[in-house]
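**Student:** Next comes the sequence, and after it the predicted model I'd like to discuss.
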Amino acid sequence: MIEKALLILIVASFLIGVFRLRNLISVLRIFKFKIIYAFVVPILLFSMWVYFSTKEVYRIDNVILRLTSEYSQRNLDNPVFTELTQGEKIQGKFTAQENYLGIVAVRFWNFFRLNDDDVTFRLREQGQNDWYYQNKYKVDQFQPHGFFTFGFPVIPESTGKTYVFEVESTRGFPGNAVGLSPVEPAFVVHFKYPRDLVTSSLPNLFNFFTRKFVELLHNYKFIASSFIYFLPLIIYILYFNSNIGKTIKRSFVRLFVQNLEVKIKKIDQEIDKQIFVLSHNLNSLILRLKILINKSYKLIIWFCIILVNILKDEQSSRQVSQLLIYLAIVLDIFWIRHNDTTVILLISLWVVLIKIYNVSIKTTYLSALPLFLLSFITWYVGDMNLQFSSERSLAWSFLFVNIATFQMVIKLNKK
Amino acid sequence: MLDRRSWLALFVSIFIAIGAYWIWFFKWDIYTWGDWGFYFPETSREFVASPQVWSSSFFGGIDISLPLYPFVRLLPGLLSYMMPAFKALHIIYFLPSVAICSISSFLLARYIHKSNLSGFIGSLVYTFNTYFLIIRGGHLPLVNAFAVAPLAILAFLHGLRSSRTYFFVLSGVLISLSAAYEVRAAYLLFSLLFFLGFFYIRVVSRKTLFKSLTTLLTAAILNLYWILGLFLSGGETTDLPIFHRQLYGAGYSHIVRSAVLQLYQWGSDGLIGPGIQPTPKYLWTIPFFVFLELYLSRKNRTIVYFGIVSLAGIFFSKMLSQPFPYFYQWMFDHFPGFSIFREPSKFFFLIALGYSVLLSGLAHRIWINWHNTSIQKIFRILLIILISAPFLLNTRGVITGKLGELLKPRQIPQDYILLKQFVLDQPEFFRTLYFPYSPRWGIWTDSKPALNGISLLQSDWSKLNNYLETGLDYSYIGEISNIFKKDFSDKLFDMSSVKYVIIPLQDMGNNDDMFAIYGSRDSYQNLIESQPFLRKINIGINQLQIYENFEHKPHLYLTTQPDSIYTATISATKISSIRRSATEYQFKLGEITDTVYLNFTDLYHPGWKISPEPISWLNVVLGKQHFIPDSNHFPNTALMNTFALTPSTITPQIYTLYFRPQAYLELGLFISAVGYVFILPYLLLTSSKNFLHD
């Protein structure tokens, strides 16, 4: 609920920032309230990115003090995706990357029905004869292609050890059994770090969150989602740069560019000095290195200035914004696949583009076509994972047609 | 009006439709399968009666088929006096599901695009899409309701364009016709028309919009009889199980299948396959062409409307698929009336309707624009063939008679004809109970309701049976034998007026072997034969096994103490009564000196009342009818009605047992009848004027 409210608030503030701009500008001039466009809206959009990215971390791990490792079907012994009947087993193996191993979550497929079976989960360290843990679970709680978590007493010293687990059906029969889902990753393991340990000292806290950050950087879904949540800010800045910046004197973009230009002058002076010194001291390697670094730095700043100047043009801003949304949709199709928030956000952004850049019906409509073709191809060539992408791709195609139809209706009503 | 070329195009469309379903048009045999049942004439002739809120079938209960009264009861009943009942059903359901479907979609597409070719393509798409082809194999009321829909839309659209009240009224009548086949279809149709009016709000005058309300008014008046009967009877009939069912269909609903207009059972070979079938590649051309036309016609308001209809159809029929998978559940839980769509396939109708208009538009566009060079002329023919090819390919299974079991003629086994004679020869009221499941050939009438063993144990008797086995331990025979293990099974059968328990045939001749699902026939035979209160009887039938329960109770009987399934058999006095309808019985009571109990072996419902006066529905509605106090009415342990009659409340005279909600139905029926008296002559008398004008 809070998430939705915040999303609405942020999108609303974004829309206010963009749509009502022209009307509000005169008012703002009077009150000298430029700060809203230059700082408040970007800060709000930045907050949105932070909030939704944090939510995504929760969505991945459920608990913040938890680290996760994902494993593909290669880590299972002869994975089959048919019904798991009485006595049949799913067996897997993994090497723990962390301490405090506490959960193994396996992705199951319930064949879209409520099955009446119990499965037994067992876990042991490789080389041990006795099972460290085993328990029975009713399968009627299993969600289609969802992870079912098997929890067990936390193993504090688990790093580097290899564990074997199995899931055995006790009463399954054809028509009444679950099976292994063909969707990747096949299973994940969670490491539950004790709160006391993490918060006991600053180095421990830093250590844990560094690990967490590294883990997230390896998570495609998180990266894709985070990128999508960051898009409103990028698109706002692009628009701000090309439109609002012109209107508001001494905008931060201008300041930014001016500062860069001043910086380049300083670097040039610095380089001249260094070249002068170098001419008297031929063997100074450090000086040569410094010149190289300064030249590289200058190059980067030039690149920034060129980029900012190119994006001052409205058409370039529009094209870049569109491309970024297409990129986000592709990421959504292949990596995210199940998340309404990203869909709502990207649709809103497209509607914003229509409003601010007058994106035509043709452009919106044509955006649907490659997604339709992508859906067709992935529907036939891929496995279950690609079929999910096919579904999402067609959903996007469908949404673009809907938006274009909405544009048609508005145009018809205007006439 | 249609010119000669239009008539020719219409004739070709109908010819193709009839050609595909030639078996139904030229072989008037018995076709029955799955949910599509069979009536003997003795059953259907009883249908000629006024509509009743209470059903005579099974143990009684609120008749949720009440809105379908015209086509489920009245018309089959009337036609049964002229021909066998199966032929009556043929006329009412089988033939219109093909012919009306083809004609109505032709007229709509032709009207919108002003092109005979469009009419032809529209008819092809609407008649031979996978959804309609599959539901024609069992859900004929639904397909007939959808068949009427294009006509209702056409009338409404023309009303908006011409601003003539006549067409709005006609549209209202057509909605009622659709509702008489299937209410859910009419709900969708009404929503479509509402949206159409809304969509045209900017381009039509206020006067026209005001006139368009006559559609709603007409439909409401003509359907008021069941609306009042079911929903405005003081809350006694509103809590129907149909509104509390769980969603299903998430497993097979998918946006890809919705977009390509493929019902999940539809296989690449044009036949129905088991489970979810792979999507045939050729179906992907359909959405491509559809949305191409939507773009090209973006300036045409009507086409955009049908585009939105298609998109809405895709969105709802995909159910839990992407995007926004939880929206359907939300609508199901919160939107008024949406809970009747517990399964999303009905929304395929919207897709079929939208696609038929859009594809027919594209064909017309190609035909009129590509005519300058001979290459263009060749290509336009090829493209039109490409547009219509998926739908022509779809007809394969129908032509060969392999698409479903409803294309195969059936024969009534001789045993069931003898059983019918045996049952109907007995004048008194009793029920027959079939184990495990009632066959389609079993006779049933108002005074001889048939009960379905498994259904009964899983619904009305489930709490009494209390069979808890699930999973591997569950079996149908186990569930059925469980009821016979109860101490009260004998009394339960008695108090439910079950006179005969019957084990049906293994109907291999009609490919209808229920024992393949429910377990061996011998096991049922052994189970029933071991019951001491059931005695096998021989009526000269070969294979049907019939067992008589000699102590069954009559429909109405008196006892001196409350009868219960948990007590020993007590003496019962049969009350002779006159059955006026399923909701009204008259009986005479003599003088009583002590409290007696009147048992009525229909399911308990608080709507049943006893009145000492003749019933007047108006008095009931106005609250002036006298009934004995509600505190004297309670359910007995067999779940039937019991009335405690005390000397203070009863005097020797004629009493009426009445189902109170029926009075509200009568009120609605009166208004609907007045509506028919005015509306139908108006439509008939002014038709030539209105149609010639346009």
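**Tutor:** Nice, I can see it.

**Student:** Pick out the residue of the stretch 251-400 of chain A closest to chain B.
**Tutor:** Distance from chain B to each residue of the stretch 251-400 of chain A (Cβ to the nearest Cβ) is smallest for A:Ala395, at 3.9 Å. Glycine gets a C-beta too; all of them are placed from N, C-alpha and C.

**Student:** same check, this time on the stretch 101-250 of chain A
**Tutor:** Distances between the stretch 101-250 of chain A and chain B by Cβ to the nearest Cβ are smallest at A:Phe112, namely 2.8 Å.

**Student:** what's the distance between that residue and A:Ile43?
**Tutor:** Between A:Phe112 and A:Ile43 the computed distance is 45 Å (Cβ to Cβ, to the nearest Å).

**Student:** which one of those two has more residues nearby?
**Tutor:** Looking at A:Phe112 and A:Ile43 with other Cβ atoms under 10 Å in any protein chain shown, you find the greater number of neighbours at A:Phe112, namely 15 against 12.

**Student:** Are we agreed that that one is in a helix?
**Tutor:** No. Under the criterion used here (DSSP: H, G, I helix; E, B strand; the rest coil), A:Phe112 is coil, not part of a helix.

**Student:** And for it, nearest residue in space, chain neighbours not counted?
**Tutor:** B:Gly251 (2.8 Å; Cβ to Cβ, 6 or more residues apart in numbering or on different chains).

**Student:** By neighbour count, which bits of the helix ranked longest in chain A are buried? Give me those.
**Tutor:** If you go by DSSP state H, chain A has its longest helix at helix A:384-414. Residues A:385-409, A:412 are the ones in helix A:384-414 that count as buried (16 or more other Cβ atoms under 10 Å in any protein chain shown).

**Student:** do stretch B:329-347 as well
**Tutor:** Residues of stretch B:329-347 classed as buried by neighbour count (16+ other Cβ under 10 Å): B:Phe332, B:Phe338, B:Ser339, B:Phe341, B:Arg342, B:Pro344, B:Ser345, B:Lys346, B:Phe347.

**Student:** what's the neighbour count on the residue in the stretch 251-400 of chain B positioned nearest to chain A?
**Tutor:** Per Cβ to the nearest Cβ, B:Gly251 is where the stretch 251-400 of chain B lies closest to chain A, at 2.8 Å. Close neighbours of B:Gly251, defined as other Cβ under 10 Å, add up to 16.

**Student:** Would you check how far apart it and A:His145 are?
**Tutor:** In terms of Cβ to Cβ, B:Gly251 sits 12 Å off from A:His145.

**Student:** Repeat that for B:Thr601.
**Tutor:** 50 Å.

**Student:** Same drill for the two, tell me which one is more crowded.
**Tutor:** Set B:Thr601 next to A:His145 and count neighbours by other Cβ under 10 Å: B:Thr601 wins out with 25 against 16.

**Student:** contacting residues around the nearest residue to the more buried one once chain neighbours are set aside?
**Tutor:** Closest residue to B:Thr601 apart from its sequence neighbours, by Cβ to Cβ, 6+ apart: B:Ser497 at 4.3 Å. The neighbours of B:Ser497, taking Cβ atoms under 8 Å, 6 or more residues apart in numbering or on different chains as the test, are B:Phe429, B:Phe430, B:Arg431, B:His552, B:Lys553, B:Pro554, B:His555, B:Thr601.

**Student:** One more: A:Ile336?
**Tutor:** Neighbouring residues of A:Ile336 by Cβ under 8 Å, 6+ apart: A:Lys221, A:Ala224, A:Ser225, A:Ile228, A:Thr342, A:Arg392.

**Student:** So which of those are in helices?
**Tutor:** Of the positions in these, A:Lys221, A:Ala224, A:Ser225, A:Ile228, A:Thr342, A:Arg392 sit in helices, assigned by DSSP H.
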